[in-house]
Each structure stands twice: as structure tokens, then as C-alpha cells.
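*Asks:* here's a sequence, model it:
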Amino acid sequence: MKYNILDVAKKAGVSKSTVSRVLNKQPHVSEKTKEKISKAIQELDFKPNPCARSIVSGKTKTVGLLVPNLRSPFYVEIVEGIVDEISSQEYGLLLYKSDGKDEKLIKSVFHKGKTDGIITITPRFGEQSFVDIFQNEQPFVLINHRNTRIKAPYVCFNNYKGGYMAAKFLIDLDHREIACFTGRLTHQSTKDRFEGFKKALKDSGVPIEDSWIQSKGVHFEDSVAKIILDWVKEKKVPTAIFTYNDFTAFDVIAVLRELGFSVPGDVSVMGFDNIRMARYSRPPLTTINQSMELFGKSGAGMLLALIQGVTLEKNKITIEPEIIIRDSCDKPSQRRRV
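*Replies:* Okay, the predicted model is just below:
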């Protein structure tokens, strides 16, 4: 038999509203009364209805999440961090996949009364429009956010420092012929990584060969193999290659192997992100760690604090990079063929 809140109130000898206050952890109920209600709940094996509780408390115990896609391990690992954090406080997740262009639909999905707050993993849509949609309606936090003009709580990554560290690591291994496959430079994150990479080369006096700088959307949409083959034909294969993400590094390693080059024997390859697959590549990939789960947990923690009415000590969190050294990078070989 299923019991309701009236049954609990009758058994405890109190009013329905008193039981409701205890269930929703509201003040002004004596410890003796709390004990009576708790005992009645246990004896009846009463399970509060989440929907009913949300009506009483005004809270849904649900967090909304807007994510660009779920194909990339980068986003999936951030989502895992978010879920770990919110589930530890018994919150659920309402997830919506979108590039952010359908603003009216987004607002209908995440309207107040369905979610208590919203997280968005941004990089490709207009962040300001998102802020405008939910301003003064419900708390929200931006993850992977980089636009410092927007006044909203956010978590970001120090991409410039990550790019600098990657190039400096290769330089410290004595590489002076270093190529770079960078992402679309219209995206602030990839632009920052590339700027950090270039600065490290400049600081160390390492020249930048134009043909070794390849930008996605301009040069290598689907032509990593063609680019590397051209380097081979021109006898201008670099001793090291830095890529803007781990997936591009995997592609580069595969092409080099097909062309008869060993990694890192002939060419060192370095990635960026440290997705889980990086440790299982052959060879295991040296990369820059972004700690995506920390991204998620940090952003979710900020949002839960805002939902609970806590003033944030910091409304801007920057995740710092670290180098994960594995087997895909080494000193330049003396036995190179080209």
C-alpha cells in the first residue's frame, strides 16, 4: 500500500503543513515533532513525491544543460563531471543538444519551473544571446567560456598558457623544426592556443616555417594526409608536430605511420585536451591536460551554490594546464630520412 503525506501527518499526530515543512527542511519545527514525523515516515515507508515537493518548495531539483554535441569525448567528459557534482546533491539533469541558434526553443525547454538553473558548454554560439534569454529569470553558468565582456559566472581554460607550454616542451627536447595543426582561428580557444605556441617559438628564437602552420577551415578540413605527403615530397618534414586537439594528433600519427615514419623515432607528435583515448593510442599520446571533468564539476558547483542562494566567492574560474608526458614525443632522431 502506498501512503501519502496525509497518512504521515495522521500517524504523527500533526498537520499536513508541518510534515511538509519537515520534508522541505524549513525552520520553526521542534526537534520532538521532527522525530515523531521521521518515525512515522519510517514505519509507513513513505516516499515523498518529487513533483509534489517541487510545488511546495518552488524547486525542481533539476539542472538544465545546453551542450553543442555529444560526439566529442571533450564534451562527454565535461558532462560526466557535471552529473557527478549535481547527483551528489540529489539534483537531476535536463540535457538539450543545440548550437544555440534556436533561442525561442531553448527558452521553452529550460523555462522557469522546469529547471532551477542552467549550465551551457559554449564555444560556438553567441554567448551574449544566451545570457539575455535567462537574465534575471534563473541562475546560469557558462563552461568553456572565453568572452570576458559578458558579465556572468563562468569556467574557462588557460589556452594561451597551454599552447605556450606545448611548444616549450618540444623546444626543450631540442626540436627546432616544429609544425602546428591549429583549429579554426575564429574560435577564441584555438586562437589562444596558437598565439601561445607562436610566442614560445619567438621567445626561444625558433623560426616558423609557413608551410608548417596549418589551420583547419583554411587548409586541412579533410587533408592531413595530403599536407604531410606534400612535406615528404618537398623533403620538409618537421621533427615535431603540435596539434590543437588529440583527435588531430591521432590522425597525424596514423598518416605518418602509413608513410613509413615512426613516432616518436622520426617525428614527435603532441596533442591537446588529454581525452581518455589519449593514453590508449599507439604510442600513448603526450598532450596538454584540460581536466574536462574538473570543468564540469567546477561549473556545476558554482550553479548549485547560486541556486541555493549562496554568494560566490569567485564567479570566474580558470583551469590551468599541465603537460601529460607519454611516449609520442622524444628528442630529434639522428637517423631521419628527410
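
*Asks:* return the residues in contact with Pro264.
*Replies:* 283, 327-330 (Cβ atoms under 8 Å, 6 or more residues apart in numbering). Heads up, the C-betas are built off the backbone N, CA and C, glycines and all.

*Asks:* can you pull up the most central residue in this structure?
*Replies:* Ile78 (3.7 Å; Cα atoms, centre = their mean).

*Asks:* what's near enough to touch that residue?
*Replies:* Contacts of Ile78 (Cβ under 8 Å, 6+ apart): 67, 121, 143-144, 292-293, 295-296.

*Asks:* helix or strand for it, which one?
*Replies:* Under the criterion DSSP states H and E, the helix or strand holding Ile78 is helix 73-87.

*Asks:* just checking, next helix/strand downstream of that helix?
*Replies:* Note on helix 73-87: by DSSP H and E, the next helix or strand toward the C-terminus is strand 92-97.

*Asks:* list the buried residues for that following strand?
*Replies:* Under the neighbour-count criterion of 16 or more other Cβ atoms under 10 Å, strand 92-97 has Leu93 buried.

*Asks:* quick one: it to helix 73-87, angle?
*Replies:* Taking axes from the mean of the first three to the mean of the last three Cα atoms, to 10 degrees, one finds strand 92-97 and helix 73-87 inclined to each other by 160 degrees.

*Asks:* which strands or helices does strand 92-97 pack on?
*Replies:* Counting by 3 or more Cβ pairs under 8 Å, 6 or more residues apart in numbering; DSSP states H and E, the packing neighbours recorded for strand 92-97 are strand 62-67, helix 73-87, helix 103-109.

*Asks:* ok, and what's touching the first one?
*Replies:* Contacts of strand 62-67 with the rest of the structure, by Cβ under 8 Å, 6+ apart, involve 75, 78-79, 82, 86, 91-98, 100, 106, 109-110, 114-121, 130, 300, 303-304, 307.

*Asks:* one more time with 7 Å
*Replies:* Among residues not part of strand 62-67, those counted as contacts by Cβ atoms under 7 Å, 6 or more residues apart in numbering are 75, 79, 82, 86, 91-98, 100, 106, 110, 114-121, 303.

*Asks:* so where is this structure shaky, pLDDT-wise?
*Replies:* The chain contains residues with pLDDT under 70 at 24-25, 48-58, 99-103, 123-131, 135, 146-150, 218-222, 334-338.

*Asks:* could you chop it up by domain?
*Replies:* The chain is divided into the following domains under automatic domain parsing: 5-57, 62-158+292-320, 159-290.

*Asks:* quick check: which of the helices and strands packed on strand 92-97 is buried the most?
*Replies:* For the helices and strands packed on strand 92-97, the largest average neighbour count (mean count of other Cβ atoms under 10 Å) is found in strand 62-67, namely a mean of 23.

*Asks:* which residues of the stretch 51-200 of the chain fall in strands?
*Replies:* Residue ranges of the strands in the stretch 51-200 of the chain, as given by DSSP state E, counting those that start in this stretch, are 62-67, 92-97, 117-121, 140-143, 154-157, 178-182.

*Asks:* make TSV from the ones you listed and add distance to Gln26 to it.
*Replies:* Formatted as TSV, the strands of the stretch 51-200 of the chain follow (distance: least, Cβ to Cβ, whole Å):
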stretch	distance to Gln26
strand 62-67	20
strand 92-97	22
strand 117-121	21
strand 140-143	26
strand 154-157	32
strand 178-182	54
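
*Asks:* and of those, who's closest to Glu43?
*Replies:* Among these, strand 92-97 comes nearest to Glu43, with 28.2 Å by Cβ to Cβ.

*Asks:* listing partners with orientation, what would you give for that closest one?
*Replies:* Partner strands for strand 92-97, per DSSP bridges, with pairing direction: strand 62-67 (parallel).

*Asks:* out of the contacts of Pro264, which are buried?
*Replies:* Those of the contacts of Pro264 that meet the buried threshold are 283, 328-330, by 16+ other Cβ under 10 Å.

*Asks:* got CSV for the residues you listed, with distance to Ile317 and secondary structure too?
*Replies:* CSV is the format used below for the buried ones among the contacts of Pro264 (distance: Cβ to Cβ, whole Å; DSSP: H, G, I helix; E, B strand; the rest coil):
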residue, distance to Ile317, secondary structure
Pro283, 33, coil
Ser328, 30, coil
Cys329, 30, coil
Asp330, 35, coil
